[in-house]
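Engineer: could you work out the structure for the sequence below:
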Amino acid sequence: ERVSDIRVTQDIMEWAVSGRSGHVPQDALQALDVVLKEAINLDLNFYTIGRSHFPMDGETLDVGFGKEVWIGTFSAVRPYGWKDHEILITLNVDTANKPATRNLHLTNESAPGKSDSYIHSVLAGDGRRKAVVNFARGFTDEQVKTMEKDLKDLKVKYVLPSKDDKVVKRQYRVNGLRKSATKEIIPDLKMSVAEYFKQTHGVDLKYPNLPCLWVGPKQKTIYIPMEFCKMDKQPMPRKKKLPDDAVAKMIRATAIKPMDRQKKIIDGLKKNNAMYKDDPYAREFGINVSGEMAKLTGRVLDAPVIEYSGGKVANINKSNPGKWFQDKNQYVVGQTCTNWCLFDLSGLSENQFKEVVMGFSNVGKEVGMNISKKREDILRISGTMREAEDMAGCIEEKFKQALKHYETEKKKLEMILIIFPFKAGFLYDKIKQLGDLKYNITTQCCLKTVLFKGDSLNKQVVGNICLKINAKLGGINHVLAPKSKPAVLKRPVMVMGADVSHPAPESRGLKPSI
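Structural biologist: Have a look, this model is predicted:
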């Protein structure tokens, strides 16, 4: 049934004649989008996700944790153009990167001792630490927690070899983990999962002490052993986040120079029916894509001159304008931090603790800060990550302990330095909530693995952390030199930025835009 007509050319021309103001012809733009995407949507050699498409045999990046990143192309017709260049609407094209799971068996290794099963990969993280996994003995509580968080909402392929040489194949979405096959009782049958597979399928489980996967509809009790499952290669669901270390690795690998990015975009377009030239749907509707990027006239602004204490300046290299060196210059306004607490979650030795205290004091003095190194000014509180994870109020108790210590001595706590053994986003969020919102205490988090280079303290890292501490304590690290200040900044001015964060599609109506 014909519902309505979309006058694509006429709507866009009327919008252009009106000075590109008023109502944007969204229907016309969407119609162009649909036509230009139809060929790639029907091409089995591409995986399409929203406005992005990824070649099945395309480039991937291994980011650890049993995950990879697919490299593809994003495209969308947009109502943007430049009158001076006679461009009315543009095809906005960019590189696209999508985290996905790797196609690995949950328990089977490619060869004995390779430790390359999906479970090994997840527990080994980014590869810097070797996962100690004993499938015969089962998982530790921490490993159960890690695997359940990782597997939930992902699809697995279930392959069961049965006693009559028939192979049962299914695909399920994981709801969570249950007890081991020897302990998990199937409610309807009043027998364990291990007994069920022995009696029904004639199969003795190889790893009966591993947790079972709870799969399928949530109202059903479908429990299957991990040893029969393989992770399906699939894009990560929107609501599932990559671990922090994997995100960092993904950002480092996908951040490329502009000219390299341009080449990737052009190469991606060439794979799409030779930049739409061989696209039958575009040809049928009379749509042409220029096949080259829009060229605009622009200029490169000079890098500013940075001024430090005493009018000393640091010049930025024009050929590499993204960074500069502080050298031996001191902050414009360096702060004093006398009473501070070191909250150690990483198990520092006594020598390492002393090295951290001396390091911050000495580097602070070099850059114009005064960070106390006196033992009576510094409170050391120790804890473990497991304790912090398992006990909901553990972090707040440590905060209260620090505050009480200084209140007893009639001093004011000025800063808490927290040292993690590895990244822990949820703990970081909690610390910031307590420090910034509840107790109004300056907090600074850092990683032991970054703070120490080998066996010694990394003074360059300490210097970078001092930049943050000084600013948080109300200091001024550096300013623009007078000759680099635009006219608007010659008098006191506050520069404000504003942005809107919209909730994810599944949360619309439940969460507001902020």
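Engineer: could you use CA atoms for every contact and neighbour count after this?
Structural biologist: Noted.
Engineer: which intervals of the stretch 51-200 of the chain have sub-threshold pLDDT?
Structural biologist: Residues of the stretch 51-200 of the chain that meet the criterion pLDDT under 70 lie in 81-87, 128-130, 162-165.
Engineer: helices of that one, start to end?
Structural biologist: Per DSSP state H, counting those that start in this stretch, the stretch 51-200 of the chain has helices spanning 118-124, 141-151, 193-201. These are given in chain order.
Engineer: reduced to three states, what does V461 come out as?
Structural biologist: Three states are possible here, and by DSSP: H, G, I helix; E, B strand; the rest coil the one that applies to V461 is helix.
Engineer: so which of the helices of the stretch 51-200 of the chain has the densest surroundings on average?
Structural biologist: Of all those, helix 118-124 has the most neighbours on average by mean count of other C-alpha atoms under 10 Å, namely a mean of 23.
Engineer: just checking, what packs against that helix?
Structural biologist: Applying 3 or more C-alpha pairs under 8 Å, 6 or more residues apart in numbering; DSSP states H and E, one finds that helix 118-124 contacts strand 60-64, helix 141-151.
Engineer: for that helix, give me every contacting residue.
Structural biologist: The set of residues that contact helix 118-124 without belonging to it, under C-alpha atoms under 8 Å, 6 or more residues apart in numbering, is 64-66, 102, 104-107, 115, 127, 130-131, 133, 143, 146-147, 150, 231.
Engineer: which helices and strands sit right next to the lowest-mean-pLDDT helix or strand in the chain?
Structural biologist: Across the helices and strands of the chain, the lowest-confidence element by mean pLDDT, DSSP states H and E is helix 385-390, at a mean of 79. Contacts defined by 3+ C-alpha pairs under 8 Å, 6+ apart place helix 385-390 against helix 394-408.
Engineer: in space, what's closest to the residue nearest the centre of the chain - neighbours in sequence excluded?
Structural biologist: Closest to where the C-alpha atoms of the chain average out (C-alpha atoms, centre = their mean) is V247, at 3.5 Å. Residue nearest to V247 in three dimensions, not counting chain neighbours: V63, with 8.0 Å by C-alpha to C-alpha, 6 or more residues apart in numbering.
Engineer: for I251, see how far away the one you found is.
Structural biologist: 10 Å (C-alpha to C-alpha, to the nearest Å).
Engineer: these two: which is more packed in?
Structural biologist: In terms of neighbours (other C-alpha atoms under 10 Å), V63 is the more surrounded of V63 and I251; the figures are 24 against 13.
Engineer: thought that one was touching A246?
Structural biologist: Yes - under the contact definition of C-alpha atoms under 8 Å, V63 touches A246, with a separation of 5.3 Å.
Engineer: okay, and the common contacts of these two?
Structural biologist: By C-alpha under 8 Å, 6+ apart, the residues touching both V63 and A246 are D126.
Engineer: and the lengthiest strand in the chain, which strands flank it?
Structural biologist: In the chain, assigned by DSSP state E, the strand with the most residues is strand 167-180. Within its sheet, and counting by DSSP bridges, strand 167-180 is paired with strand 155-161 (antiparallel), strand 211-215 (antiparallel).
Engineer: who touches that strand?
Structural biologist: When contacts are taken as C-alpha under 8 Å, 6+ apart, the neighbours of strand 167-180 outside the stretch itself are 138, 144, 148-149, 151-162, 184, 208-216, 218, 223.
Engineer: between that strand and helix 193-201, how big is the angle?
Structural biologist: Angle, strand 167-180 to helix 193-201, by axes from the mean of the first three to the mean of the last three C-alpha atoms, to 10 degrees: 160 degrees.
Engineer: can you give me the buried ones in strand 167-180?
Structural biologist: Within strand 167-180, the residues that qualify as buried by neighbour count (16 or more other C-alpha atoms under 10 Å) are Q171, Y172, R173, V174, N175, G176, L177, R178, K179, S180.
Engineer: which residue ranges of the stretch 301-450 of the chain form helices?
Structural biologist: Assigned helices in the stretch 301-450 of the chain, in chain order: 350-367, 385-390, 394-408, 425-432, 448-451 (criterion: DSSP H, counting those that start in this stretch).
Engineer: now these as CSV including mean neighbour count and distance to D11?
Structural biologist: CSV is the format used below for these (neighbours: other C-alpha atoms under 10 Å; distance: least, C-alpha to C-alpha, whole Å):
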stretch, mean neighbour count, distance to D11
helix 350-367, 17, 62
helix 385-390, 13, 58
helix 394-408, 15, 59
helix 425-432, 14, 49
helix 448-451, 17, 57
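Engineer: report how many residues lie close to E184.
Structural biologist: Using other C-alpha under 10 Å, E184 has 17 other residues around it.
Engineer: any figure for the gap between it and A194?
Structural biologist: Distance check for E184 against A194: by C-alpha to C-alpha, it reads 8 Å.
Engineer: repeat for K230
Structural biologist: Note on K230: its distance to A194, by C-alpha to C-alpha, is 19 Å.
Engineer: how about K257?
Structural biologist: Here the criterion is C-alpha to C-alpha. By it, K257 lies 55 Å from A194.
Engineer: in the stretch 401-514 of the chain, where is pLDDT below threshold?
Structural biologist: For the stretch 401-514 of the chain, residues meeting the criterion pLDDT under 70 lie at 504-506, 508.
Engineer: whoops, I mixed them up, the stretch 251-400 of the chain
Structural biologist: Low-confidence regions of the stretch 251-400 of the chain, defined by pLDDT under 70, span residues 392.
Engineer: could you redo the last one with a cut-off of 80?
Structural biologist: Segments of the stretch 251-400 of the chain classed as low confidence (criterion: pLDDT under 80) are 296, 322, 386, 389-392.
Engineer: mind jotting down where the strands sit in it?
Structural biologist: 306-307, 313-314, 336-337, 340-344, 370-371, 378-382 (DSSP state E, counting those that start in this stretch).
Engineer: ditto for the stretch 401-514 of the chain
Structural biologist: For the stretch 401-514 of the chain, strands defined by DSSP E, counting those that start in this stretch occupy the ranges 415-420, 442-447, 452-453, 456-457, 479-480.
Engineer: from those strands, which stretch is densest packed?
Structural biologist: Taking mean count of other C-alpha under 10 Å as the contact definition, the stretch among these with the greatest mean neighbour count is strand 415-420, which reaches a mean of 21.
Engineer: mind listing the strands it pairs with, and their directions?
Structural biologist: Based on DSSP bridges, the pairing partners of strand 415-420 within the sheet are strand 340-344 (parallel), strand 442-447 (parallel).
Engineer: may I have it as CSV, with CA atoms only?
Structural biologist: Only the C-alpha atoms of strand 415-420 are listed here, as CSV (Å, rounded to 0.1, in the frame of the first residue of the first chain):
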residue,chain,number,x,y,z
MET,A,415,44.6,15.5,50.5
ILE,A,416,44.2,11.8,50.2
LEU,A,417,46.5,10.0,47.7
ILE,A,418,45.1,6.6,46.7
ILE,A,419,47.3,4.0,45.1
PHE,A,420,45.6,1.2,43.1
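Engineer: for stretch 468-476, list every residue counted as buried.
Structural biologist: Within stretch 468-476, the residues scored as buried using 16+ other C-alpha under 10 Å are I469, N470, K472, L473, G475, I476.
Engineer: end-to-end on that stretch?
Structural biologist: End-to-end distance of stretch 468-476 (C-alpha to C-alpha): 10 Å.
Engineer: do stretch 301-315 as well
Structural biologist: In terms of C-alpha to C-alpha, the two terminal residues of stretch 301-315 are separated by 15 Å.
Engineer: distance from the chain centre to that stretch, please.
Structural biologist: Centroid separation between stretch 301-315 and its chain, computed with C-alpha atoms, centre = their mean, to the nearest Å, is 34 Å.
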